[in-house]
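>>> Here is my input, please return the structure:
(chains A and B)
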Amino acid sequence: MKRRKFDAAALPAKTAGAVDDRFQVATPLRKLLNKVFPDHWSFLLGEIALFSFIVLLLTGVFLTFFYEPAMTEVVYDGSYAPLRGTPMSAAYASSLDLSFDVRGGLIMRQMHHWAALLFMAAIVVHMLRVFFTGAFRKPRETNWIIGSLLFWVGFLAGFTGYSLPDDGLSGTGLRIASGIILSIPVIGSWVSSSIFGGEFPGTIIISRFFIAHVLLIPGLLVALISAHLGLVFKQKHTQWPGPGRTNENVVGERMFPRYALKQGGFFMVVFGVIALMGGLFQINPIWYFGPYEAWVVSAASQPDWYVMFLDGSTRLMPAWEISIPIGDGYVIPPLFWPTVVLPGILVGLSTMYPFLEARRLKDYKHHNLLQRPRDVPARTAVGAMAVSFYIVLTLSGGNDVIADKFHISLNAMTWAGRIGLLVVPPLAYYFTYRICLGLQQHDREVLAHGVETGIIKRLPDGRFVEVHQPLTPVDGHDGHAPALDYVGWVVPKKMNRLGALGPAIRGFFYPIEKPAEAPVSPGHPPVEPRPEREEIGSGESRR
Amino acid sequence: MTSDNDRRRGLLARLRGRPVARSRGRRRLGAAVRLAAALMLAGGAYTVFAPGVQAQDNPPLSAAANEGKALFDVSCVTCHGRNAQGVEGRGPSLIGVGSASVEFQVSSGRMPMARQEAQAMRKPPQFTDEQVRQLGQYIQELGGGPQVPQGDLREGANLSTGGELFRINCSQCHAFGAGGGALSSGKYAPSLKPASDRQIYAAMLSGPQNMPVFGDNQISPQEKADIIAYIQETLKHDQDQGGFNLGRYGPSTEGLAIFLVGIVALVFASLWIAGKS
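Numbers count the residues shown, from 1 in each chain, chains lettered A, B, ... in the order given. The predicted model follows:
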């Protein structure tokens, strides 16, 4: 029998052909693979959140194999000697076993926790990028809302996860959450007893939070993330203005192969950073906090960073109790305002912002080009105000640690927070606004008069002036260069950004291309190519 | 009848017996003797009962306490006053604080204080162990008070009980990792990292500064040993499972780390990746 020759090189084409014969996927797939994404470093921040979510799913599945979501009391008899013989809940005991007796359990736990912090941090950083560049404007308001919801759902995911180990810190957090729920007028006590199955802490909360943490919330997150990415796909990514880039096109790289490869690489980097942090930095050492007992509250009991602003608002809130003389008297505790009303306002304001801005500017057009923050001073200043408000609250959430480690009175910290919360945001607004205007003006100046050369010339009448290099050729009429229009993109402000000296060489740590040849004019000897320059370019050098 | 009459005649009359005519010289002599006896009785009673200046020096100080008094009169007297009775607005009386308090305050360098402030800070100690012992002996002999027992303070300790007691009684202020924490108005619970066994024991006994007293009827000596063992053997000499502990300040530094390390590293990575186009 004659053996057919096996041709390995033809195999992929043959397989693909066979698949297409059966499923007719070539046309839609080609469209997908050829989809163009604009490229800029700031467009990769959202991916950090996406990739840490993937790490969260992977490590979280590992943790569920060993975690026992039950509050039945057991006596610990594992490897960690200082807790041996201590009665505790099965949830805490299994978390300890995960940390000390399961091979690789501790690094998985730590990676999961670091990935959770990174997920939230990346969401915030990504939101700031979207906000300050105006990427939320029509038609992308829906995606902005989905993004804000992702933050709050992530917040819930983090809080439920923080509660699961049932250590002292978890229980303290739960106790505060139950207090917050109880502070809601009229429905508070009903909601609290429904969630906890009776009085705090009850015996059911851990198993309820477990199912919320591993099924409901991740399901919701996956759904929201899919919708978020689907909309980016459908509405196409925004891009910075620049040569050849208009409101109607997208300039960038095709999905396959370059963009996909880069994203794959970036996933590895994110995974690597999380793994490094999980292996090198201890996070939430539950064995020091001990099992949760209502009478044990450690100093420096803080929530994770993204919840800390609520802790801070609670610490700054004066003890204003409202008593309403109805029936036996009704009391709205001060806790209600900083922990229920404030987040409610924040959710409302942040999700509605695109509509508020459009309404104020009467701007209902489609926008696919981004804006530099300096070009919209009011928005940038509002953003700075919001960020400073959040930072004051977050710092106040850790004010006891700051007070202790920097030897400041805790009372002084509290008052600094109270005053700062009212004073810093308006100041941030004013200074940001002025800085934006200053940057705008400098851009216009360079476009009109050229780049400062650093060469000082003395005029015949004795004056000194700096020579400016115009950005355009001098036109014949009056010896002046015509002023250029600002197009919403970076204006070169240094001589080494101009054509004569060429843009800085591409490459991050070492040059990845040869410098351009200097032009040779007839009648002059050819200019020697300049020696190799090695420099670490900034982000601006590679456009 | 006769005895009744005798009683009615009074004490002096009975002492005198029958009235007998005596010589004038003998009567005068008797009066002088009685006067001298009465004076001596009154003076003696006064000397015995009256608080005299000499009375304080009466219990003789031991040699060590004398050394301690000499140190006290040079270094402590400004604020705590002569004979450690305190100075209004400057320093409290030390009568009854015991050598435990002296040992804690002086061996940890808190006393002598650099200045009056919310709370005395731990400093390099100004006195040697021997001098601390002499000062403690002086204060002890002056007014008594709690003393740190000699010998191994961790004998027969149970780490698990110690951990539970630490979390219940100590962690509110000193924090779960014994790194310390803030109290109101510039006061603070210090880190326990530099504290020795005897200092921790003395602190529990004497309740220095803002710390409550944990006397032997609240936390027994055996339980104190458990707590000390937990602090010294678990919290200080743990291998920090899971890597660098970020100072054990809880989630605050973890939040800082995710931005300073995680986000910074990944922003650089995205700059790098976006630069390769």
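>>> Now the residue nearest the centre of chain B: which helix or strand?
Centroid-nearest residue in chain B: residue B:101, 2.6 Å away (criterion: Cα atoms, centre = their mean). Using DSSP states H and E, residue B:101 falls within helix B:98-107.
>>> pLDDT of that helix, averaged?
Across helix B:98-107, pLDDT averages out at 93.
>>> same question, stretch A:287-297
Mean pLDDT, stretch A:287-297: 92.
>>> Tell me the residues on the stretch 51-200 of chain B that lie near chain A, please.
By Cβ under 8 Å from any Cβ of the partner chain, the residues of the stretch 51-200 of chain B that approach chain A are B:118, B:159-160, B:162-164, B:167-168, B:171-177, B:179-186, B:188-189. Just so you know, the C-beta spots here come from the backbone N, C-alpha and C atoms, and that holds for glycine as well.
>>> mind running it again at 6 Å?
B:159-160, B:163, B:167-168, B:171-173, B:175-177, B:180-182, B:184-186, B:188 (Cβ under 6 Å from any Cβ of the partner chain).
>>> Show me the helices in chain B, by range?
Assigned by DSSP state H, chain B shows helices spanning B:2-9, B:11-16, B:24-49, B:63-75, B:77-80, B:98-107, B:129-143, B:159-169, B:171-174, B:197-206, B:221-229, B:251-257, B:264-275.
>>> before we move on, what about the stretch 51-200 of chain A?
Using DSSP state H, counting those that start in this stretch, the helices assigned to the stretch 51-200 of chain A run over residues A:90-100, A:105-132, A:141-163, A:168-182, A:188-196.
>>> for the last one, packing partners?
Right, the one you point to is helix A:188-196. If you count contacts as 3 or more Cβ pairs under 6 Å, 6 or more residues apart in numbering or on different chains; DSSP states H and E, helix A:188-196 packs onto helix A:168-182.
>>> tell me the angle the helix it packs on makes with helix A:141-163.
130 degrees (axes from the mean of the first three to the mean of the last three Cα atoms, to 10 degrees).
>>> Whether helix A:168-182 contacts chain B - can you check?
No: Helix A:168-182 does not reach chain B (Cβ under 6 Å from any Cβ); its nearest approach is 6.6 Å.
>>> which helices and strands sit right next to that helix?
Secondary-structure packing of helix A:168-182 (3+ Cβ pairs under 6 Å, 6+ apart): helix A:141-163, helix A:188-196.
>>> from these, which stretch is densest packed?
For the helices and strands packed on helix A:168-182, the largest average neighbour count (mean count of other Cβ atoms under 10 Å in any protein chain shown) is found in helix A:141-163, namely a mean of 20.
>>> Contacts for that one, please.
Outside helix A:141-163, the residues within contact range by Cβ atoms under 6 Å, 6 or more residues apart in numbering or on different chains are A:116, A:120, A:123, A:136, A:170, A:173-174, A:209, A:212-213, A:217, A:220-221, A:224, A:227-228, A:231, A:304, A:306, A:350-351, A:354.
>>> again, 7 Å this time
A:116, A:119-120, A:123, A:127, A:130, A:136, A:170, A:173-174, A:209, A:212-213, A:217, A:220-221, A:224-225, A:227-228, A:231-232, A:303-304, A:306-307, A:347, A:350-351, A:354-355 (Cβ atoms under 7 Å, 6 or more residues apart in numbering or on different chains).
>>> wait, isn't residue A:270 in contact with residue A:50?
No: with contacts counted by Cβ atoms under 7 Å, residue A:270 stays clear of residue A:50, the gap being 8.8 Å.
>>> So those two - more neighbours on which side?
Neighbour comparison, residue A:270 and residue A:50: the larger count goes to residue A:270, with 27 against 19 (by other Cβ atoms under 10 Å in any protein chain shown).
>>> Got phi/psi on that one?
phi -60, psi -50 (degrees, to the nearest 10).
>>> what's the pLDDT at the closest residue to it other than its chain neighbours?
Distances taken as Cβ to Cβ, 6 or more residues apart in numbering or on different chains place residue A:51 nearest to residue A:270, at 4.0 Å, with adjacent residues excluded. On the pLDDT scale, residue A:51 is placed at 97.
>>> Report the separation between residue B:249 and chain A.
Going from residue B:249 to chain A by Cβ to the nearest Cβ, to the nearest Å gives 5 Å.
>>> ok, now residue B:126?
21 Å.
>>> nearest residue to that residue other than its sequence neighbours?
Counting by Cβ to Cβ, 6+ apart, residue B:126 lies nearest to residue B:112, which is 6.1 Å off, once chain neighbours are set aside.
>>> ok, now which ones touch that neighbour?
B:75-76, B:126.
>>> For ChimeraX, what selects the buried ones among those?
The following ChimeraX line selects those of the contacts of residue B:112 that are buried, judged by 16 or more other Cβ atoms under 10 Å in any protein chain shown:
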select /B:75,76
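>>> Adding pLDDT, write the contacts of residue B:112 out as a markdown table.
Output for the contacts of residue B:112, formatted as a markdown table (pLDDT from 0 to 100):
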| residue | pLDDT |
| --- | --- |
| B:75 | 91 |
| B:76 | 91 |
| B:126 | 92 |
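>>> Can you tell me the strand partners of the helix or strand of chain A with the lowest mean pLDDT and which way each runs?
Least confident helix or strand, chain A: strand A:253-254 with a mean of 86, by mean pLDDT, DSSP states H and E. In the sheet, strand A:253-254 lines up against strand A:36-37 (antiparallel) (DSSP bridges).
>>> Might you enumerate the residues of the stretch 151-300 of chain A proximal to chain B?
By Cβ under 7 Å from any Cβ of the partner chain, the part of the stretch 151-300 of chain A that sits against chain B consists of A:168, A:253, A:262, A:265-266, A:269-270, A:273, A:277, A:279-283, A:285, A:288-290, A:295-300.
>>> Please narrow the residues you listed to those residing in strands.
Those of these mapping onto strands are residue A:253, per DSSP state E.
>>> Sitting in helices, which of the residues of the stretch 151-300 of chain A next to chain B do you find?
Taking DSSP H, the ones among these that sit in helices are A:168, A:262, A:265-266, A:269-270, A:273, A:277, A:279-280, A:288-289.
>>> coming back round to it: any quick PyMOL command for the buried ones out of the residues of the stretch 51-200 of chain B next to chain A?
If you want just the buried ones from these in PyMOL, going by 16+ other Cβ under 10 Å, the selection is:
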select buried, chain B and resi 159+160+163+167+171+172+173+175+176+177+180+181+182+186+188
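>>> Where does pLDDT dip in the stretch 151-277 of chain B?
Along the stretch 151-277 of chain B, the model assigns pLDDT under 70 to residues B:276-277.
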